[in-house]
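Colleague: prediction below, plus the sequence it came from.
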Amino acid sequence: MVRYGQYTVPSYNEQVNFGVGQPSTEMLPLELIQQAMAENLDIKDPSLLQYGDIPGYYEFREALSTFLKREYMQEVKPDDLFVSNGISQTLGLLCSLFTKTGDIVIVEEPTYFLAINIFREFNLNIKSISIEDDGVSLTELEAILEENKDNERILFYTIPSFHNPTSITMSHHKRVKLGNLADKYSNMLVFADEVYQLLFFEENNRPPPPLKYYHENFISLGSFSKILAPSLRLGWIHASNKILDKIINSGQLDSSGGLNPFVSSVVHRMIDNGTFEKQLNKNREVLKIRSSVLYERIQKNLGDKGIKILKPDGGYFLWLEFKKNLNVANLLKLSSKHKVKFHSGNKFSSKNGLKNCLRISFSYYSKEGMEIGADRLSNLINEYNDNKNNKNIYPKIAINGADGKLGSLIRESLNENKLNYVGPIMRGSEIDDNIDLIIDVSSESGNKELMEKIKDKKIPLIIGTTGNLPIDDIKKYSRFAPVAIISNFSEGIPYIIDCLRGSQTKLNNWNASILEKHHINKKDKPSGTAKTLAEEINGPIEIESIREGDIFGEHIINFKSKYENITIKHEATSRKIFAEGVIKYINWIQTRKSGLYYEIKEDIVSNNVEFIKYSGCGNDFIIIDKEKNKMPSDIPEFIKKVCPRGSSVGADGVIFIETPYDKYNIKWTYFNSDGSIAKMCGNGARCVAKYFFDRTNTDGKINMITADGIITDAVLVNDSSIITSIGIPTFRDVEENLRLLIENILDEELMKSKTMDNIYRVDILVNHLVIIVKNESVLDNLYVNRLGKIINDLLDVKVNVNFVTINNDNFKIRTYERGVFSETLACGTGCCALGFVIHNFLNKNEFSIKVKSGDNVKILFDKKIVYLEGEANKIYKGTIDLNNYQNV
């Protein structure tokens, strides 16, 4: 049997998968579509099968506009519509036309999770704002707009009608105010995902008109996927002429022609003969019934559990919000047992929040399936709330040091949070094999005894004890179980650590000191927290320890210069902050693989690698500080996993840095996305320099060294522009047979003759071919990925392949990079290679080259050395889980 679907959805007898956000088979009108296709048999014009009119053929847009006019109760002009192939692809198209790397995109919190992925693939800087009962928080939106009012462009992505996942609809009043904001901040462009606009359940639930009607900078995106059939891959863009003109005149559409003209003709028939409207009304009724059944069943079963349930008036989804101390990820641990599945709220968060929420869909299963699924979900939640039956979710927790002041408070906190505390670990007694987790807040001797007791067990362990710990025994034990050594469980200390990171380089002429105070019975000096703070300052530092009274904990960090003092103070006013703080580690430690973890951040990423993503003219890199992170055991494998776009972070390469290094400001090692080391990367060098300037606030010139000992200089030109020395390029011979082969390949590719003017081989620490083609039309129509691979297959030594045009003072380049196996938006050494050709044959020492991203890279020559100048910008900061490279 042919499998047509993206994935197989189980029947409700097997499992109710509430995560499925697609129409059910009963909602897919196969017979009506077959009927429309049969009617198409009378079309005699073969141009139906030709490249289509770019905005979609007029008669279809006219029929669609007539239909939408009735639905929107607003004027809809055919020329305001552009036929698309669905919203996801349209978002990609719009991002390619209206954004550039590093642009801000504002999203709702929560929002459609796959839209987040699309924006990340375009290297956009994602910021989130709250959503309220009547739509997005305009106060938060305006704050971001005001802060970034000088930006060229700010994108706002919203789902204004029957929002995914909350089903909230933005009120007319807010839509008007959003339009007013667009008047005030003309750099804001709004992408309105209105896939559910027509799926209201009652006439009085009809949403306000699409956002397009509220401002000329608002783009409304519609789709037939949810209202007719997803596989049609058909939708529409509803926007002003100035927006549509840019879309229509784009190169990719000039090449492809209109999107889905044949399918448009089928849907055109259905609009004209009334079957589409009939099907839409049927789908509304089906969704209305299923929504009502699911909502009422869950209200009946769980209405008294303190769960906030938003009742939908349209769309596909139901949103449940639990109390803050419930992590829905724990519910998922029981989902297989109860034969029910759903999406946790953090999936819809751009910042991994909303962990106490979940989304369920009512679009796929029948009324009976909804009832069964609701009952299963209710049973799951009831089991979760029953401590006796939740040993996998609430582990049996024992405390070592339970009779101490902190231990007794942790015990109280465990009980208050309804966690499964089973008792203290007694001195001289054996450890019960049924214990699932140990919290140790005892003493040095108590920890040593504990490590001896559990050395043959595999119980996860959280150590809050400081002092002279038996670290060798702990490390040995951590090979078989996860162990976290946490010097301070408070929430405030992690924020101070974030402030301190990099302070010694920023305040390199300041003297640092720490004063820490604790109760008179605390024996270790200095405290574990003071040591951690000192490590973050990363320089010579004096620590003074005071033990007196019943002080819970006080840390004062002081930076002193000749004329200034900076003081940072953290004071614990109650031991309860430590007792409450330990709770957040309990769920986390159970999910960790064996290993030793050090971290006091709230999200506890001690076994995570922190990275900062930078972009140099479209070339993007993951930059990792080797001194601040635990390194992966297999670096090439790590790089091959984190560089693919869509499945992980996505980048052209990874750079590991060390600062300072010997007499140099920074040492860096560059890896291609295939895990191979490269001697040099021009745009990478600029991003490394920008990373250093951002962290140190240094002005002027710095020197850098690569892992291969290549020394380069860098200068900060302005806030975002960096100039770096790259090296001295040289020509290498191009064999005549290779020249002829490549010329023939290009001619065959374009079905033209003499498309190539010349070819050069340049070595600029990386091997390059510079292939000069006739003109920009030839360059723009090349399939660079395929050609780059074909050409590399001809060579023993792999090279970067640069296709270029030289037209007076206009220079343009497209590059296939060997270690990325595809075309990149820019290649710094590729620009230097082309620059070397221009320098030698046109006698130019300073000029600009336009790269694929649209940026201009400046090339300068001085005493045979080539310099590269262009923008380098920080995109965002993140973490990568070393236990799961795709968990970013």
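Modeller: Nice, thanks for sending it over. Small disclaimer: the values here were computed from a predicted structure and weren't measured. Residues are numbered from 1 along each chain as shown.

Colleague: how far does stretch 267-275 sit from the chain's center?
Modeller: A distance of 40 Å separates the centroid of the chain from that of stretch 267-275, by CA atoms, centre = their mean, to the nearest Å.

Colleague: buried ones in that stretch, by neighbour count?
Modeller: Residues of stretch 267-275 classed as buried: Val267, His268, Arg269, Met270, Ile271, Asp272, Thr275 (neighbour count, 16 or more other CB atoms under 10 Å). (C-beta placed from N, C-alpha, C; glycine too.)

Colleague: all helices for the stretch 201-350 of the chain, in order.
Modeller: Ranges of helices in the stretch 201-350 of the chain, per DSSP state H, counting those that start in this stretch, are 241-248, 251-256, 261-273, 275-302, 328-332, 335-338.

Colleague: returning to that earlier point: of the buried residues of stretch 267-275, closest to Pro207?
Modeller: Distance to Pro207 across those (CB to CB) is lowest for Ile271, with 21.1 Å.

Colleague: which non-adjacent residue is nearest that closest one?
Modeller: Distances taken as CB to CB, 6 or more residues apart in numbering place Ala63 nearest to Ile271, at 4.7 Å, with adjacent residues excluded.

Colleague: pLDDT wise, what is that neighbour at?
Modeller: Confidence at Ala63, expressed as pLDDT, is 97.

Colleague: can you confirm it is in a helix?
Modeller: Yes: residue state for Ala63 (DSSP: H, G, I helix; E, B strand; the rest coil) corresponds to a helix.

Colleague: measure it to Gly274 for me?
Modeller: According to CB to CB, to the nearest Å, Ala63 and Gly274 sit 11 Å apart.

Colleague: go on, Gly854?
Modeller: Separation of Gly854 from Gly274 (CB to CB): 46 Å.

Colleague: Provide the secondary structure category for Leu94.
Modeller: Counting by three-state DSSP, the backbone at Leu94 sits in helix.

Colleague: what number of residues lie near it?
Modeller: 25 (other CB atoms under 10 Å).

Colleague: one more: Lys613?
Modeller: 23.

Colleague: what are the phi and psi values for the closest residue to it other than its chain neighbours?
Modeller: Distances taken as CB to CB, 6+ apart place Ile875 nearest to Lys613, at 4.3 Å, with adjacent residues excluded. For Ile875, the backbone dihedrals (degrees, to the nearest 10) come out as phi -100, psi -60.

Colleague: all strands for the stretch 651-800 of the chain, in order.
Modeller: 653-658, 666-672, 677-678, 701-706, 711-716, 721-727, 730-732, 756-763, 767-773, 800-807 (DSSP state E, counting those that start in this stretch).

Colleague: now these in a markdown table, with distance to Thr111?
Modeller: Output for those, formatted as a markdown table (distance: least, CB to CB, whole Å):
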| stretch | distance to Thr111 |
| --- | --- |
| strand 653-658 | 29 |
| strand 666-672 | 33 |
| strand 677-678 | 37 |
| strand 701-706 | 39 |
| strand 711-716 | 36 |
| strand 721-727 | 33 |
| strand 730-732 | 51 |
| strand 756-763 | 46 |
| strand 767-773 | 42 |
| strand 800-807 | 38 |
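
Colleague: that's all I had, so thanks and see you.
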